[in-house]
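1. I would like to see how this sequence folds:
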Amino acid sequence: MAGLTHIKLTLVVGQYAKAWHLPQSATLNITDTVKAWRDYGPAIMPLPHPSPRNNIWLKRNPWFGEEVVPALQRRVKQILKGA
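-> Residues are numbered from 1 along each chain as shown. I've put the predicted structure just below:
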């Protein structure tokens, strides 16, 4: 990771990636970590694993599709425009 100097966004997908990239969130479960996505700045976006088994999680957490997904889309557009 140290050699990758131009990374503008890291998608931290799932529990194992969370443990590696966000050790400060060790006391939080994945839901609480994703809820706090704004706390990690524009360069890191914690996300649940996109497994079909997580469809229940998505139904229980509609804020993810309403807040996090649009924010991620905006951030990716900014990066692609060179912002």
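2. Could I get the full set of strands for this structure?
-> Using DSSP state E, the strands of the chain run over 10-13, 44-47.
3. The last one pairs with which strands, and in what direction?
-> Read that as strand 44-47. Strand 44-47 pairs in its sheet with strand 10-13 (parallel), by DSSP bridges.
4. what does the strand it pairs with contact?
-> For strand 10-13, contacts defined as CB atoms under 8 Å, 6 or more residues apart in numbering pick out 18, 21-22, 40, 43-50, 72. Backbone N, C-alpha and C define where each C-beta goes, glycine included.
5. Swap in 6 Å and give it another go.
-> Residues outside strand 10-13 that contact it (CB atoms under 6 Å, 6 or more residues apart in numbering): K18, H21, L22, I44, M45, P46, L47, H49.
6. Tell me the gap between it and the middle of its chain.
-> Relative to the centre of its chain, strand 10-13 is centred 5 Å away, using CA atoms, centre = their mean, to the nearest Å.
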